[in-house]
Each structure stands twice: as C-alpha cells, then as structure tokens.
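**Q** predicted model and sequence follow; I will ask about them next.
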Amino acid sequence: MSESGATPKKVKKVEGTSAFGDNGRDYDAETQKALQDIDNCQNKIDALNEKGSEAILKVEQRYNKQRKPHFDKRNDVIKKIPNFWATAFVNHPQMSTILGEDEEDCLHYLSKLEVEDFEDIKSGYRITLYFDENPYFENDVVTKEFHLGVSSDPFALSTPIRWKEGNDVAKKFRNKNAGKGRKRMIEQKSFFIWLASNCDPYTDCIAEVIKDDLWVNPLQYYLVPDEIGKESEGEDVTTDEEVYHSLLAKDEVEEEEDNEGEGGDDEVLVEEDEEEGKELGEDDVDGSDK
C-alpha cells in the first residue's frame, strides 16, 4: 500500500528482457522505469571498470619491468648474507607456524627466491625457490605456479621434490601426525607439503603471504629481533639497545663503588651513625615528656 492508500498498478515484466526481469516479480511502472535506468547506469559502470582494469594491468606490466632489475640486484646482494631467506622465513609470523625443525634446516640451503607474475599478470604467477646442494633432496630449483583460471578453472602446478633416501621431511611430518586425525593434519600444515601440493590458488594463504608480503620486503623480517616471539606470550622483551645501556649503567655503578674505596665506606658508616643518633635523640625527648 502507498501512503495515499491507493494500490500501485502492477506491471508484469517480460522475463529475460533485462538483468532484473527474470526473477518473476511484478513492479509498478515507476519502479520498472527506475530499475531500467539503474541497469543502464550499471552497464556503463561495468564497462568503465573493465577499461580501468585493462589500463591498470598495462601500468602494472610497465612497473613490473622497471622493478625486475632491482629485484635481481637485491637477490645478488642477498647471496652475500648467509641464511638470509631461512631467517626471514623463520621470523615471519605466518610462515614460522608451518615450519618444523627439519624444514627450517632445509631452508638454510635456500639461496634465492623469486616471485614473478605471468606476462599478462591476471592469468597467474610463479614462485621459484633455488637451493644449494643439500642432504635432503636432489632439486636445485623448485617451482610452484598458480594459474588463476582466465580461460579455465584455477589450478596450481608444482615441481615434484626428489627426496633423498631417509630425508623426506614431508613424509616424516605425515608419519608424525598420522594418528591425530584429518582435522588435526589440516591445522598443522607443513611448508614442504604445501610446496609440493596443487591446491586452489584462490584459497592458498601461504602463497599470498609469500607473494604479497615476504617477497615484497624480506629485509624487515630478516631484521626482526630474536626476542620478538616472546611478545605474543606476554613476556617482557629486552632489546639489544636496552641490554647495552643496562650493562653500561652497571659498569658505571661498579666503577663509582671502586673509586669510593675505604673513604666511601667510612662516609656510609658516619651517615648510619647520624641517623641512629637522631632516632635515639627522639626517644630521649619522648621519655623526658613522659
């Protein structure tokens, strides 16, 4: 009912004539006209959004080319720092939760990490890990690609890891958690199981962390203090600078005490005698009043 009490005239919309005309609902003529105008506006907005997305992709492609030499130079410099990537992975709050001790040791042989968008960007990206010779597996390069389903369903494609006999850390993880049930296994993820799996790219949180965070600026995680993990446990955290100043202050106090020597001790005794005398004097005064 309208405010005037009159029932608005219903107009049956022919099904299939617009985005909102196939839902079997009746609209009055005024509402029908408004909906049609909204639909026309939305079509123009969608067309502009599509053009905007294409323009953004072209800009991103251009800047990807400009960033690449800097990423390459950064990787060359990183090679000069032992265990750089292993440290960055372990210090990262999300990555650290899926790394077991054996996996951390594997990452000590990780010499280079690369994340590259496919040429058209929107169709996917590739994560490539380069390893030095190690006791765990034969691969010197392990690649994980994410195809985002532009012309087909999304999928991931990973390089099979050729584990050396007795050193398959993924198998050890499975065996260790075999009796904990499927739900427990899902909760306790493993980095190398993830690396070899082919899961849905759109639900792969680990890939997103590597691509959008760790790869973008690994230095911030390499430089994280060792004590940072204690903060989440509510413990007091002391930085290297605070430790330095604490030790410096302690040395200054000890030096002052040494310089005071016997004279310093006599002065302390005199002060104590004076305080004791004051207390005795006050007692005597109290006694005389009584």
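**A** Good, I have the coordinates.
**Q** which element is residue 189 on?
**A** Remark: residue 189 resides in no helix or strand, with elements defined by DSSP states H and E.
**Q** can you give me the strands for the chain?
**A** Secondary structure of the chain (DSSP state E): strands at 10-12, 26-28, 110-117, 124-131, 141-147, 155-158.
**Q** quick check: which of those is nearest to residue 220?
**A** The closest of the strands of the chain to residue 220 is strand 110-117. By C-beta to C-beta, the value is 14.9 Å. Bear in mind the C-beta positions are built from the backbone N, C-alpha and C, glycine included.
**Q** relative to strand 124-131, how tilted is that closest one?
**A** 170 degrees (axes from the mean of the first three to the mean of the last three C-alpha atoms, to 10 degrees).
**Q** format the strands of the chain as CSV; extra columns: distance to residue 98, mean neighbour count and mean pLDDT.
**A** Shown next, in CSV, are the strands of the chain (distance: least, C-beta to C-beta, whole Å; neighbours: other C-beta atoms under 10 Å; pLDDT from 0 to 100):
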stretch, distance to residue 98, mean neighbour count, mean pLDDT
strand 10-12, 57, 13, 43
strand 26-28, 53, 15, 85
strand 110-117, 15, 17, 96
strand 124-131, 15, 18, 96
strand 141-147, 14, 19, 95
strand 155-158, 16, 16, 92
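**Q** kindly reformat those strands as JSON lines containing distance to residue 102.
**A** Below are the strands of the chain laid out as JSON lines (distance: least, C-beta to C-beta, whole Å):
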{"stretch": "strand 10-12", "distance to residue 102": "69"}
{"stretch": "strand 26-28", "distance to residue 102": "65"}
{"stretch": "strand 110-117", "distance to residue 102": "14"}
{"stretch": "strand 124-131", "distance to residue 102": "14"}
{"stretch": "strand 141-147", "distance to residue 102": "16"}
{"stretch": "strand 155-158", "distance to residue 102": "19"}
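**Q** now do the contacts for residue 83.
**A** residue 108 (C-beta atoms under 8 Å, 6 or more residues apart in numbering).
**Q** burial measure for residue 109, as a count.
**A** Neighbour count for residue 109, taken as other C-beta atoms under 10 Å: 19.
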